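A.B. asks: Got a sequence here, can you model it:
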Amino acid sequence: DGLGMSPEQLDAVRLSLHDTDPEPGRGIGIHNVNERIQLYCGKAYGITIYSEQGAGTRIEVRLPPHIGENER
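C.D. replies: Reported below is the predicted structural model:
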């Protein structure tokens with residue numbers, strides 16, 4: 001939902017996911033979550049962001065099937 005992002009905004013957010021030295025106040029939270037997922041689960045997992053201006057934004061979080069398996 002929401003307004004979505006312009007292609008330029010989306011590119012900046014996507015780059016911030018993989019930035020080794022994120023700029024303070026610019027996507028640090030989502031960067032940290034993505035980094036923790038990849039450290040724990042591997043580079044094949046993490047966050048992907050899709051957005052279309054005027055249509056909305058979707059965030060996909062990929063985790064391996066075994067996460068949380070022993071916590072049931």
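
A.B. asks: okay, CA-based contacts and neighbour counts for the rest of this
C.D. replies: OK.

A.B. asks: what ranges do the strands span in this protein?
C.D. replies: Under the criterion DSSP state E, the chain contains strands at 46-52, 56-62.

A.B. asks: Using a markdown table, lay out those together with mean neighbour count, distance to Ile30 and mean pLDDT.
C.D. replies: Formatted as a markdown table, those follow (neighbours: other C-alpha atoms under 10 Å; distance: least, C-alpha to C-alpha, whole Å; pLDDT from 0 to 100):
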| stretch | mean neighbour count | distance to Ile30 | mean pLDDT |
| --- | --- | --- | --- |
| strand 46-52 | 16 | 8 | 95 |
| strand 56-62 | 13 | 10 | 95 |
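
A.B. asks: So for Leu15, which of those sits nearest?
C.D. replies: Of all those, it is strand 46-52 that lies closest to Leu15, at 10.6 Å by C-alpha to C-alpha.

A.B. asks: Check the offset of that closest one from the chain's centre.
C.D. replies: Strand 46-52 has its C-alpha centroid displaced from the chain centroid by 6 Å (C-alpha atoms, centre = their mean, to the nearest Å).

A.B. asks: neighbouring strands for it, and are they parallel or not?
C.D. replies: Strands adjacent to strand 46-52 in the sheet, as given by DSSP bridges, are strand 56-62 (antiparallel).
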